[in-house]
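Colleague: Show me the folded form of this:
(one chain, ligands or ions: 1)
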Amino acid sequence: MTQLNQELPARARRKGRERAPSWRDALIEHQIEKWAEVREIGAQPRSHLSDKATYVLGDAIQWLAELPANSIHAVVTDPPYGVIEYDDKHHEKLKSGRGGVWRIPPSFDGAKRKPLPRFTVLTQEEISGLYNFFGALAYGLQRALVPGGHILIASNPLLSTLTFHAFQQAGLEKRGEVIRLVQTLRGGDRPKGAEEEFSDVSMMARSCWEPWGIFRKPMDGTAAENLRKWGTGGLRRISADEPFKDVIPCSPTRGREKEIAPHPSLKPQRFMRQVVRAALPLGIGIVYDPFAGSSSTLAAAEANGYLSIGTDRDAGYYALGREVFTPLSTLPLNER
Ligand SMILES: C[S@@+](CC[C@H](N)C(=O)[O-])C[C@H]1O[C@@H](n2cnc3c(N)ncnc32)[C@H](O)[C@@H]1O
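Modeller: This next block holds a predicted model:
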């Protein structure tokens, strides 16, 4: 019996003494059974990072196809937005500093800027590929989520309409967006090669925000019925007095956190812990990250005491995620 198996019935028993409604005990028991099943699905290599977290080395769409319907309770993820930026050809170019879809910026004022994917260079064919990829992902997630399960998915202002539409087409309800206020280095530049001639011109607005789509699988009955039966349907409040809000200021990942987990798309724990917490309204259930990278979602789930599972098809990032899961999940938020 794992520590989790002992812990959760004990918690349920404690709640029982406080005369908690029996639906809560049933949800917790169901969660224990599902967790034992879900973390062993598929033949892919995997690591049980803790009693509450598992990282699978494999393709997200393939792993989702093996998952029984109604298995997970929330999805929090940061997908490969150009899709192609993490394919072998472009990823090799990033690693060797040769660019491709990655814009390798020059050092500036002694500070080395982070490479960013140049989504403006996508061809029509790549855009169709992107739409198909997000369609397949959305259908897989829609099937795997329990009714009322939420998805919080990172995007960017250039591609969010396209990818969010694919999610709506799959039957997921759009429930708004979280705006992460963050000043990236995207946009704001003068015309290349003619900077002095057009010194008052920026080719694009300098980006100061990052959209995160909020989607929900349609509920099974009323909100209260769905919450009792599946533990999902809403978002967890910050406190009794404060609902979860859709604007979160959070600067780019820097310093110690970046040293711990040098993934090119690392999302900061300060932000991830807030959105992961909100994704399970009762704190009961399994959070899935299809594109787990450095395991930042799994680490944020662990910090919240939630169950989580992630997939990533890159063996290097899988190895990184295994190594940095504990330092990230225990990172004090003032240490940055
Ligand atoms: C934007 S990054 C996510 C990084 C993450 N936010 C973090 O903080 O580490 C996207 C990840 O998706 C992975 N990936 C790309 N295509 C995939 C697929 N089909 N299945 C699973 N993982 C995939 C890449 O290897 C990459 O690590």
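
Colleague: C-alpha from now on. contacts and neighbour counts both.
Modeller: Will do.

Colleague: any idea of the pLDDT on E66?
Modeller: If you check E66, the pLDDT there is 97.

Colleague: what sits against it?
Modeller: Under the criterion of CA atoms under 8 Å, 6 or more residues apart in numbering, the neighbours of E66 are I41, G42.

Colleague: A299 versus that one, what's the distance?
Modeller: E66 is 24 Å from A299, where distance means CA to CA, to the nearest Å.

Colleague: show me what contacts Q169?
Modeller: Q169 sits next to G135 when contact means CA under 8 Å, 6+ apart.

Colleague: And it, how close does it get to the ligand?
Modeller: Note on Q169: its distance to the ligand, by CA to the nearest ligand atom, to the nearest Å, is 20 Å.

Colleague: quick one, phi/psi of that residue?
Modeller: Backbone torsions of Q169, given as degrees, to the nearest 10, read phi -60, psi -30.

Colleague: for R180, same thing?
Modeller: Phi and psi for R180, reported as degrees, to the nearest 10, are phi -90, psi 120.

Colleague: so L328 makes contact with P262?
Modeller: No - assessed by CA atoms under 8 Å, L328 is found out of contact with P262, at 11.7 Å.

Colleague: Point out where the stretch 1-150 of the chain drops to low pLDDT.
Modeller: 1-21, 82-121 (pLDDT under 70).

Colleague: In it, what residue spans correspond to helices?
Modeller: Chain-ordered helices for the stretch 1-150 of the chain, with DSSP state H, counting those that start in this stretch as the definition, fall at 3-17, 22-38, 60-66, 88-96, 124-144.

Colleague: Now do the contacts for W35.
Modeller: I286, L307.

Colleague: Show me which residues of the stretch 151-300 of the chain sit near the ligand.
Modeller: Within the stretch 151-300 of the chain, the positions adjacent to the ligand are H263, S265, L266, K267, P290, F291, A292, G293, S294, S295, S296 by CA under 6 Å from any ligand atom.

Colleague: Now do the strands in the protein.
Modeller: Taking DSSP state E as the criterion, the chain carries its strands at 46-50, 53-57, 72-77, 102-103, 116-117, 145-154, 173-181, 209-216, 247-249, 286-289, 307-312.

Colleague: got a markdown table for the ones you listed, with distance to L280 and mean neighbour count too?
Modeller: Below are the strands of the chain laid out as a markdown table (distance: least, CA to CA, whole Å; neighbours: other CA atoms under 10 Å):
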| stretch | distance to L280 | mean neighbour count |
| --- | --- | --- |
| strand 46-50 | 19 | 17 |
| strand 53-57 | 16 | 25 |
| strand 72-77 | 7 | 28 |
| strand 102-103 | 35 | 19 |
| strand 116-117 | 31 | 20 |
| strand 145-154 | 8 | 27 |
| strand 173-181 | 15 | 17 |
| strand 209-216 | 12 | 23 |
| strand 247-249 | 18 | 14 |
| strand 286-289 | 8 | 28 |
| strand 307-312 | 10 | 27 |
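
Colleague: could you dump the ones you listed to JSON lines with distance to R24?
Modeller: Output for those, formatted as JSON lines (distance: least, CA to CA, whole Å):
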{"stretch": "strand 46-50", "distance to R24": "24"}
{"stretch": "strand 53-57", "distance to R24": "22"}
{"stretch": "strand 72-77", "distance to R24": "15"}
{"stretch": "strand 102-103", "distance to R24": "48"}
{"stretch": "strand 116-117", "distance to R24": "44"}
{"stretch": "strand 145-154", "distance to R24": "16"}
{"stretch": "strand 173-181", "distance to R24": "25"}
{"stretch": "strand 209-216", "distance to R24": "21"}
{"stretch": "strand 247-249", "distance to R24": "30"}
{"stretch": "strand 286-289", "distance to R24": "15"}
{"stretch": "strand 307-312", "distance to R24": "16"}
